[in-house]
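[1] Sequence plus predicted model, see below.
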Protein chains: 2
Amino acid sequence: MTTHDERAAEPERVRAPNIRDVAKVAGVSYQTVSRVLNDSPSIRPETLQRVRAAIEELGYRPNQAARALVTSRSRTIGVLSAQTVHYGPTTATNAIETAAREAGYRLSITNISSTEYASIKSAVDYLMSQSVEALIVIAPQVRVFEALNDLQVTVPFVTLEATGLNTSHSLWVDQVMGARLATRHLVELGHTEIMHISGPQDWIEAEARMQGFLRELSDADLRTRAPILGDWTASFGYYAGLELLRYRDFSAVFVGNDQMALGFMHACRESGLSVPGDISIVGFDDIPEAAHFAPPLTTVRQNFAEIGRRAIALLLGELRGETEMSHDPVQPELIIRESTARRA
Amino acid sequence: MTTHDERAAEPERVRAPNIRDVAKVAGVSYQTVSRVLNDSPSIRPETLQRVRAAIEELGYRPNQAARALVTSRSRTIGVLSAQTVHYGPTTATNAIETAAREAGYRLSITNISSTEYASIKSAVDYLMSQSVEALIVIAPQVRVFEALNDLQVTVPFVTLEATGLNTSHSLWVDQVMGARLATRHLVELGHTEIMHISGPQDWIEAEARMQGFLRELSDADLRTRAPILGDWTASFGYYAGLELLRYRDFSAVFVGNDQMALGFMHACRESGLSVPGDISIVGFDDIPEAAHFAPPLTTVRQNFAEIGRRAIALLLGELRGETEMSHDPVQPELIIRESTARRA
DNA sequence: GGTGCGGATGTGACCGTACACATCGCGACC
DNA sequence: GGTCGCGATGTGTACGGTCACATCCGCACC
């Protein structure tokens, strides 16, 4: 009782207007306002007008929490990401954000701090406690996928990488094909001794690229050699390069991503070797800077933005109960620049 | 009435357990469960135990929407970002996410699609409709700040860049100082004709770096020349370089970021010029790749992660009603590598 | 002119939680 | 030994929407 009186007497706490306030101003019931908010078809144009005016006048915004509570629809999509500044994930995330927002969804992004099971579980728990309606997994480590299988995620989800574990939920660039394109390019240039510097062993994409590399070599009846496992950084490419070039029993390298390729080129320079004169190099990703490396890098382009958009489209379809959409892999593209040449 | 019976009769719709379900299982009142959830001090250890067990048994998760509704605290911090893949914003965002999550806050990130007023307004509207408790603005364009001033944001906010408009809300790396360090380095190497390739005119950081550049030159009594306005991309650096090097009436360049510096180096190579033999180059940001450019780039390092962490600390302090924290700018650091040399 | 129907609008209940307040039991104190 | 105080717990209510259902009205129909 007193509560109401106090509020009327001293309106110090400026409560945000609610649906009933709007209704009062518009001279209709709150239900009518609700109908306006939800684009109900059966509203008299004049009433619609009045309600809209009242909303405008009061600066009313529907309270998302209240709406989520009653509908049990959070209109939120969770994104499980690795804490990286890699070009691919970042680009994909941007595309996801835009596509989600346009569809009236918001994103709840969380980064995993490590690939420990506990860390992944806590990230998924966190997202589930936000009652996300769907999940997008960008963190591309194998262990994340294993954890996901264990955790029995109850909402629709997609991963932006393919694994054997869960192909039905995967949306992916055909990494194997990309790696084969890169390798084939080197083979066609006459190289027979080809090294591969891969990403970390537990990264799905690293594994797929390695597979593509090995298969292509095998198809060409060339000697395969154990790939070097790197960490995606330019520094690793550099130090690995310094080491490998001491022997130089190869004339070409397929490097798992563009950053490591950059580091490798750096090592070539320091070792007094010319690219592509002495060593041909192919990267992967086609980051915007790759065209300006010394020399400009031959690499495999992935359309990350497309993947991001598809992820949202897929999930929204599933949320609407539509039939499965196609999961065709996105095709990568070989971009030939100046870091590769015919074997001397 | 029937509602309850129906639910008991056919439990087809698996309603998530709520606080009363937990209470029933634990044999306490729902309020006691609520106390457990909120770490109330006055709970008998044995009761606590029972409630915890019940929560575990049912797999209960508190409903954030209901909590937000009743407390009118969304525990969400809005992030207004530009749609970029730049190293700095990405790194800062990651740090923000981690710091926010550790403090029990989640993030709502939205990208602006352009710097048009309408676009910014709609982004802010979007975030406000999520009832964010605070706002972090990463989008570093001047127009964003102007829009922010107009929009009268009612929640605490910080910007990760400094402007004349709103220094009280700014948290920033001292860009002017960074630019002065870079320029001074070139001056000390004996260069007298120094170019500057800047970022887009409407970017705050571009403007600040330009100011630092001009002031330092002026302090050294050197001729200042009109900076070139770029777009941060390696490609721009490349084409601008090709153009500028046709005249080559300068011996050093201070480039507004590392990507453009990379492109500029590319142009030097193509023009048959040696770096640093003919041209000295200083970049800005110290992206991880900069150490592996050809040659390794002298640049100015910014601690983006630190900025991100500080942003959250600042906002949380403000939300708790603490007194203003210090807004000391973060100091940048000059990293000298091999792209700069004494003037020939 | 009564009936049926459908469009437009209003009423009650409920979603799951936290806050304010009430209650209960028990030891300490004078 | 009665009262006070406090720790532990329970009860009512509000938050701001949406859904199911009820109501009202005007019109076409036989």
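    Done, it's in.
[2] make it CA atoms for all contacts and neighbour counts henceforth
    Fine.
[3] Would you state the strands of chain A in chain order?
    In chain A, the strands defined using DSSP state E lie at A:76-82, A:106-112, A:134-137, A:157-159, A:194-198, A:228-229, A:252-255, A:280-282, A:299-301, A:333-335.
[4] Distance check, the closest residue to DNA strand C within the stretch 101-250 of chain A against residue B:66.
    Nearest residue of the stretch 101-250 of chain A to DNA strand C, counting by Cα to the nearest atom of the strand: residue A:129, 9.6 Å away. Distance, residue A:129 to residue B:66, by Cα to Cα, to the nearest Å: 12 Å.
[5] How about residue A:77?
    18 Å.
[6] Check residue A:126 too.
    In terms of Cα to Cα, residue A:126 sits 16 Å off from residue B:66.
[7] likewise residue A:149?
    In terms of Cα to Cα, residue A:149 sits 29 Å off from residue B:66.
[8] Of those two, which one has the most company?
    Legend: neighbour count by other Cα atoms under 10 Å in any protein chain shown for residue A:149 and residue B:66, higher for residue B:66 (17 against 12).
[9] In contact with the closest residue to residue A:238 other than its chain neighbours, which residues?
    Once flanking residues are discounted, residue A:238 sits nearest to residue A:263: 4.0 Å by Cα to Cα, 6 or more residues apart in numbering or on different chains. Residue A:263 makes contact with A:233-239, A:241, B:289, B:292, according to Cα atoms under 8 Å, 6 or more residues apart in numbering or on different chains.
[10] one more time with 7 Å, if that's ok
    A:234-238, B:292 (Cα atoms under 7 Å, 6 or more residues apart in numbering or on different chains).
[11] Looking at the residues you listed, spot the one nearest residue B:271.
    residue B:292 (20.8 Å; Cα to Cα).
[12] For residue B:339, see how far away that closest one is.
    For residue B:292 relative to residue B:339 (Cα to Cα), the value is 11 Å.
[13] now swap in residue A:182 and tell me
    For residue A:182, the distance to residue B:339 - Cα to Cα - is 32 Å.
[14] neighbour-wise, which of these two wins?
    Using other Cα under 10 Å as the criterion, residue A:182 and residue B:339 rank with residue A:182 on top: 29 against 23.
[15] okay but that one is in contact with residue A:284, surely?
    No: judged on Cα atoms under 7 Å, residue A:182 makes no contact with residue A:284 at a distance of 8.3 Å.
[16] where do the contact lists of the two overlap?
    residue A:300.
[17] What ranges does chain A have for its helices?
    Secondary structure of chain A (DSSP state H): helices located at A:2-9, A:19-26, A:30-37, A:45-58, A:64-71, A:87-102, A:117-129, A:142-151, A:175-188, A:204-219, A:234-244, A:258-270, A:304-319.
[18] which strands and helices sit next to the fourth one?
    The criterion is 3 or more Cα pairs under 7 Å, 6 or more residues apart in numbering or on different chains; DSSP states H and E, and the helices and strands that helix A:45-58 contacts are helix A:19-26.
[19] does the helix it packs on come close to DNA strand D?
    Yes: using Cα under 7 Å from any atom of the strand, helix A:19-26 comes into contact with DNA strand D via A:19-20.
[20] now for that helix, which elements pack on it?
    helix A:30-37, helix A:45-58.
[21] residues in contact with residue A:338?
    Per Cα under 7 Å, 6+ apart, neighbours of residue A:338: A:295-298.
[22] Let's see that with 8 Å instead.
    Counted by Cα under 8 Å, 6+ apart, residue A:338 has contacts A:276, A:295-298.
[23] Same question for residue A:155.
    A:132-135.
[24] Pull up the gap between it and residue A:289, please.
    From residue A:155 to residue A:289 the distance is 38 Å (Cα to Cα).
[25] which residues of the stretch 51-200 of chain A score low on pLDDT?
    A:162-169 (pLDDT under 70).
[26] For chain B, give me its nearest residue in it.
    Proximity to chain B, evaluated over the stretch 51-200 of chain A using Cα to the nearest Cα, is greatest for residue A:65 at 4.6 Å.
[27] Count the residues that sit near that residue.
    For residue A:65, the neighbour count with other Cα under 10 Å is 24.
[28] for the closest residue to it other than its chain neighbours, what are its contacts?
    Nearest residue to residue A:65, sequence neighbours excluded (Cα to Cα, 6+ apart): residue B:65, at 4.6 Å. By Cα under 8 Å, 6+ apart, residue B:65 lies in contact with A:65-66, A:68-69, A:74.
[29] ok, now residue A:99?
    Here residue A:99 is in contact with A:309, A:312 (criterion: Cα under 8 Å, 6+ apart).
[30] Would you mind naming what in chain A lies close to DNA strand C?
    Residues of chain A lying near DNA strand C (Cα under 7 Å from any atom of the strand): A:27-32, A:41-44, A:47-48, A:66, A:69-70.
[31] Can you tell me which of those are buried?
    Listed as buried from these are A:30, A:32, A:47-48, A:66, A:69; burial here means 16 or more other Cα atoms under 10 Å in any protein chain shown.
[32] biggest separation within the residues you listed, which pair?
    A:47 and A:69 (27.4 Å).
[33] Would you mind listing what in the stretch 201-344 of chain A touches chain B?
    A:233-235, A:238, A:259, A:262-263, A:266, A:288-289, A:292-294 (Cα under 8 Å from any Cα of the partner chain).
[34] Would you mind measuring from residue A:178 to residue A:39?
    If you go by Cα to Cα, the gap between residue A:178 and residue A:39 works out to 47 Å.
[35] for residue A:319, same thing?
    For residue A:319, the distance to residue A:39 - Cα to Cα - is 20 Å.
[36] What of residue A:310?
    Distance from residue A:310 to residue A:39, by Cα to Cα: 27 Å.
[37] more crowded one of the two?
    Neighbour tally, residue A:310 and residue A:39, criterion other Cα under 10 Å: the higher count belongs to residue A:310, 23 against 11.
[38] Can you report how many residues lie near residue A:344?
    11.
[39] and the residue of the stretch 101-250 of chain A closest to DNA strand C, what does it touch?
    Taking Cα under 8 Å, 6+ apart, one finds B:61-64 in contact with residue A:129.
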